[in-house]
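Participant: what follows is a predicted structure for the sequence shown.
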Amino acid sequence: MNGSTAQGVDQTVKGGVLGLFTYFGAKYNVDPGLLAVAMPLLAGVMAFISSKIGDPHLASLFSGKKNDAAK
């Protein structure tokens, strides 16, 4: 995958996770205030995980780390 496609897929996956979190929170009557607080926390956790797995500058899961030794 090229960089822009990988970033688009990454953003779609993260948005889907946030959407499912919201959907199931509403379905199971989770307090709306708790959902409002948890959404940015969940987004931050996903960005942190993405920076550890993928490109740390983009916080993207699928772009892959740049290999400095290959230069």
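Facilitator: Yep, that arrived. Note that the coordinates shown come from a computational prediction; the quantities given were computed from them, not determined experimentally.

Participant: all contacts plus neighbour counts: C-alpha atoms, from now on.
Facilitator: OK.

Participant: dihedrals phi and psi, P56?
Facilitator: Main-chain torsions, P56, degrees, to the nearest 10: phi -70, psi -20.

Participant: which parts of stretch 9-17 are buried?
Facilitator: Within stretch 9-17, the residues scored as buried using 16 or more other Cα atoms under 10 Å are V9, D10, Q11, K14.

Participant: one more: stretch 16-31?
Facilitator: Judged by neighbour count using 16+ other Cα under 10 Å, the buried positions of stretch 16-31 are L18, F21, T22.

Participant: ok now that stretch, how far from the chain's centre?
Facilitator: Taking Cα atoms, centre = their mean, to the nearest Å, one finds stretch 16-31 lying 16 Å from the centre of the chain it belongs to.

Participant: what of stretch 9-22?
Facilitator: Distance, stretch centre to chain centre, for stretch 9-22: 7 Å (Cα atoms, centre = their mean).

Participant: state the mean pLDDT of it.
Facilitator: What stretch 9-22 shows for mean pLDDT is 92.

Participant: one more: stretch 30-44?
Facilitator: Per-residue pLDDT values over stretch 30-44 give a mean of 96.

Participant: swap in stretch 53-64?
Facilitator: Averaged across stretch 53-64, pLDDT comes to 67.

Participant: where do the strands sit along this structure?
Facilitator: When assigned using DSSP state E, the chain turns out to have no strands.
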